[in-house]
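Asker: Structure of the sequence below:
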Amino acid sequence: MMIAIWLTFAPTQAGGMASYIIVIGNSMEPNFHVGDLVIAHEEPNYQIGDAVVYRNLELENFVFHRIISQEMGRYTLKGDNNSWTDTYQPSHEEVLGKLWLRIPRGGTYIQKIRTPFVMTLIAGALGGILATSLFTGKSKGNKHMNKKSIQEWFVSIKQKTRSWLAKSNNTESQKSSNPNKGNLLEGSFFVLGLVALASLIIGIISFSRPASRTVIDDVSYEHIGFFSYSASAPQGVYDANAIKSGDPIFTKLTCSVDVSLQYTLIAQQAENIAGTYQLTAIISEPVSGWQRIVPLQTETIFSENAFGSTAKLNFCQMESLTQSMEQGTDFHPSSYILTIAPNIKMEGELSGRALQSSFNPNLIFRYDRVHFYLAQEEEQNNPLNPTETGVISEARTEANTMLLFGAEMAIPALRLFAALGLVGSLAGITLLGLRLQSVSKSNQSRFNRIRYDSMMIDIQNEASINSSNMVDVSSIEDLAKLAERFNAVILHAESDHSHTYYVKGEGNTYRYAMTVIETGSTVPEKEATSQEGEA
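Answerer: Model prediction:
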């Protein structure tokens, strides 16, 4: 039971799997309220719809929200009572655990207990209980087991287990003749009972969880593009008398520029990749929405995950288009935007999954009636090196798992182990019980030895026992009760035809005697005397 409690409630700081969170906001209402205590368990995987606790590095605090989507190994979460999603997307390592138990107002009570005054009272009470247990003498009449220390109890279990392991290597005939067979059976009962309890605990935990789960298996890929442009220029205006990528372009100096694009698809197990691309120039005025599209090349087919392309772009032609628009409309904006787009479309297979994707990054120039210069959007790191990440998601069903002592165990395997362990241990206990019942009928003295071996001592000289205050009892069970009451051992004396048991206590000696009859069975001494008289 202590192991089950540890697995269920031990905090992660102490090596357990539970995290304790006190709700301090209303983002999860109406199901969770301020002051509730949430206990979350660490899981190998989390799915959409799970309410989880995660560490938010932006807020530098822990957040209890629900998973609404998963992509690229990160979760998107949202409070049940919120109309927006969390800006921070945690990874699996940043999730502390999934909701396991909610205790209404439990956090409020914990906060009250943590006040200095209440903590002082609790410490004083625990100190008083400890002092009382240390200085109060043992009361008379306590049972034998209650007077053992914890250390003695563990030593006793260790000795019984060693005895059982040692005797399990003997032959069946040796076991039958062994006078200490009670140790073996007692150890067998102990081990089988331990297996049954462990199987029951594992069964409760495993059958309370679903046997399978749906996992979103993502295959990621990345589009990478490299834009560049170049042209010759008059001497003295540019370094090396040439226009290179990033330089402004003055139409009075040059008109024709070579625009190039190098494209690469980064993905694992990419097969049968094929698609088309076409470099296109678009001159537009953003305020009015006017634009003109000028194809720089015909649509071209590619069949690999990388290609390169170069096209001529006439900036003077773009300037002429703007002048024609102004002359015809008498609209004279201060600036224009020139966009170069590759219009890449492709399909194929990634890790055996169908791929259909497009990549259309924009290389943007601004035109202010004097020159064209490279523009950079706020979200772009480098306008000449656009990238875009994609993912192909596929749901699959797999065996559910749970963390047990730090190891990830499959739920179906745990269920099978629990069922086999419980059935096997109960069957073993039943067989031992039937064996004990058979022994009790055929040989009562051996049965007494098995039942009370841990509290029985053999003696050789019965004359040393004080017989002045001898009290006969009617059964071995009554004698065992007296032994427990007086915290005494049972003294056993064996002769040719009898077994006598003694217990000393409060100035009296209590006795139970049994006589062995010729058939091999044993009967109480009074019954044996009656049978001899009748014969």
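
Asker: Can you show me the helices along the protein?
Answerer: Assignment of helices within the chain using DSSP state H yields the ranges 2-9, 106-113, 116-135, 150-167, 172-177, 181-207, 315-329, 411-442, 444-452, 476-485, 525-534.

Asker: would you turn these into JSON lines with distance to residue 19, mean neighbour count and mean pLDDT?
Answerer: In this view, the C-beta of every residue, glycine as well, is placed from N, C-alpha and C. Shown next, in JSON lines, are these (distance: least, CB to CB, whole Å; neighbours: other CB atoms under 10 Å; pLDDT from 0 to 100):
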{"stretch": "helix 2-9", "distance to residue 19": "11", "mean neighbour count": "14", "mean pLDDT": "72"}
{"stretch": "helix 106-113", "distance to residue 19": "13", "mean neighbour count": "14", "mean pLDDT": "81"}
{"stretch": "helix 116-135", "distance to residue 19": "22", "mean neighbour count": "10", "mean pLDDT": "76"}
{"stretch": "helix 150-167", "distance to residue 19": "30", "mean neighbour count": "13", "mean pLDDT": "56"}
{"stretch": "helix 172-177", "distance to residue 19": "51", "mean neighbour count": "10", "mean pLDDT": "39"}
{"stretch": "helix 181-207", "distance to residue 19": "18", "mean neighbour count": "18", "mean pLDDT": "81"}
{"stretch": "helix 315-329", "distance to residue 19": "60", "mean neighbour count": "15", "mean pLDDT": "92"}
{"stretch": "helix 411-442", "distance to residue 19": "21", "mean neighbour count": "15", "mean pLDDT": "87"}
{"stretch": "helix 444-452", "distance to residue 19": "48", "mean neighbour count": "20", "mean pLDDT": "80"}
{"stretch": "helix 476-485", "distance to residue 19": "45", "mean neighbour count": "18", "mean pLDDT": "89"}
{"stretch": "helix 525-534", "distance to residue 19": "66", "mean neighbour count": "12", "mean pLDDT": "47"}
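
Asker: tell me which residues in the longest strand anywhere in the chain are buried?
Answerer: Counting by DSSP state E, the longest strand found in the chain is strand 212-232. For strand 212-232, a neighbour-count test (16 or more other CB atoms under 10 Å) marks 213, 219-221, 223-229, 231 as buried.

Asker: how close does the residue nearest to residue 207 when sequence neighbours are not counted get to residue 209?
Answerer: Leaving aside its chain neighbours, residue 207 sits nearest to residue 415 (6.3 Å; criterion: CB to CB, 6 or more residues apart in numbering). According to CB to CB, to the nearest Å, residue 415 stands 9 Å off from residue 209.

Asker: just checking, residue 362 touches residue 341?
Answerer: Yes. Taking CB atoms under 8 Å as the definition, residue 362 is a contact partner of residue 341 at 5.5 Å.

Asker: Which of these two has more residues huddled nearby?
Answerer: It is residue 341, of residue 362 and residue 341, that has more neighbours when counted by other CB atoms under 10 Å, with 19 against 16.

Asker: Across the sheet, point out what pairs with that one.
Answerer: residue 280 (DSSP bridges).

Asker: And for residue 266?
Answerer: Beta-bridge partners recorded for residue 266 (DSSP bridges): residue 222.

Asker: for the stretch 251-400 of the chain, which spans come out with low pLDDT?
Answerer: When residues are selected by pLDDT under 70, those of the stretch 251-400 of the chain lie in 378-380.

Asker: so residue 104 touches residue 34, yeah?
Answerer: No. Using CB under 8 Å, residue 104 is not in contact with residue 34, being 10.9 Å away.

Asker: just to revisit the earlier point, okay, the angle between the longest strand of the chain and helix 315-329?
Answerer: With axes from the mean of the first three to the mean of the last three CA atoms, to 10 degrees defining the directions, strand 212-232 sits at 90 degrees from helix 315-329.

Asker: of residue 104 and residue 34, who's got more company?
Answerer: Legend: neighbour count by other CB under 10 Å for residue 104 and residue 34, higher for residue 34 (14 against 11).

Asker: quick revisit: next up, the contacts around the residue nearest to residue 207.
Answerer: 203, 206-207, 211 (CB atoms under 8 Å, 6 or more residues apart in numbering).

Asker: ditto for residue 256
Answerer: Listed by CB under 8 Å, 6+ apart, the contact set of residue 256 reads 231, 312-315.

Asker: name the helices or strands packed onto the longest strand of the chain?
Answerer: strand 242-243, strand 256-266, strand 344-350, strand 353-359, strand 387-399 (3 or more CB pairs under 8 Å, 6 or more residues apart in numbering; DSSP states H and E).

Asker: The ones you listed: which one's closest to residue 56?
Answerer: Closest of these to residue 56 is strand 387-399, at 23.0 Å (criterion: CB to CB).

Asker: quick one: contacts of the closest one?
Answerer: Strand 387-399 has contacts (CB under 8 Å, 6+ apart) with 71-72, 211-225, 350, 353-355, 357, 359, 361, 410-413.

Asker: Could you give the separation of it from the chain centroid?
Answerer: 22 Å (CA atoms, centre = their mean, to the nearest Å).

Asker: How about stretch 269-283?
Answerer: So, by CA atoms, centre = their mean, the centroid of stretch 269-283 is 44 Å from its chain's centroid.

Asker: and if you look at stretch 344-362?
Answerer: For stretch 344-362, the distance to the chain centre is 36 Å (CA atoms, centre = their mean).

Asker: Restrict that stretch to CA atoms and write it as CSV.
Answerer: Provided in CSV are the C-alpha atoms of stretch 344-362 (Å, rounded to 0.1, in the frame of the first residue of the first chain):
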residue,chain,number,x,y,z
ILE,A,344,7.3,26.9,-56.7
LYS,A,345,4.8,24.0,-56.6
MET,A,346,5.8,20.4,-56.0
GLU,A,347,4.7,16.9,-55.0
GLY,A,348,6.3,13.6,-54.1
GLU,A,349,6.9,11.4,-51.0
LEU,A,350,8.5,12.0,-47.7
SER,A,351,9.1,8.8,-45.6
GLY,A,352,6.4,7.1,-47.6
ARG,A,353,3.9,9.9,-47.1
ALA,A,354,2.4,11.9,-49.9
LEU,A,355,3.7,15.5,-50.2
GLN,A,356,1.9,18.4,-51.9
SER,A,357,3.4,21.7,-51.1
SER,A,358,4.2,25.2,-52.5
PHE,A,359,6.9,27.7,-51.8
ASN,A,360,6.5,31.3,-52.9
PRO,A,361,8.8,33.7,-51.1
ASN,A,362,8.9,37.3,-52.1
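
Asker: Offset the numbering so it begins at 52, please.
Answerer: Will do, 52 is the new start, and the previous item becomes stretch 395-413.

Asker: contact partners of that stretch?
Answerer: So stretch 395-413 is in contact with 270, 272, 274, 276, 278, 314, 316, 318-328, 353, 390-394, 437, 439, 441, 443, 445, going by CB under 8 Å, 6+ apart.

Asker: Buried subset of these as a ChimeraX selection?
Answerer: Buried residues among the contacts of stretch 395-413 (16+ other CB under 10 Å), as a ChimeraX selection:
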select :270,272,274,276,278,314,316,318,321,324,326,328,353,390,391,392,393,437,441,443
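
Asker: picking up where we left off before, pick out whichever of the buried residues of strand 263-283 sits closest to residue 332.
Answerer: Here the nearest of those to residue 332, counting by CB to CB, is residue 280; it sits at 11.7 Å.

Asker: which residues does that closest one contact?
Answerer: Residue 280 neighbours (CB under 8 Å, 6+ apart): 294-296, 308-311, 364.

Asker: gap between it and residue 274?
Answerer: Counting by CB to CB, the gap from residue 280 to residue 274 is 20 Å.
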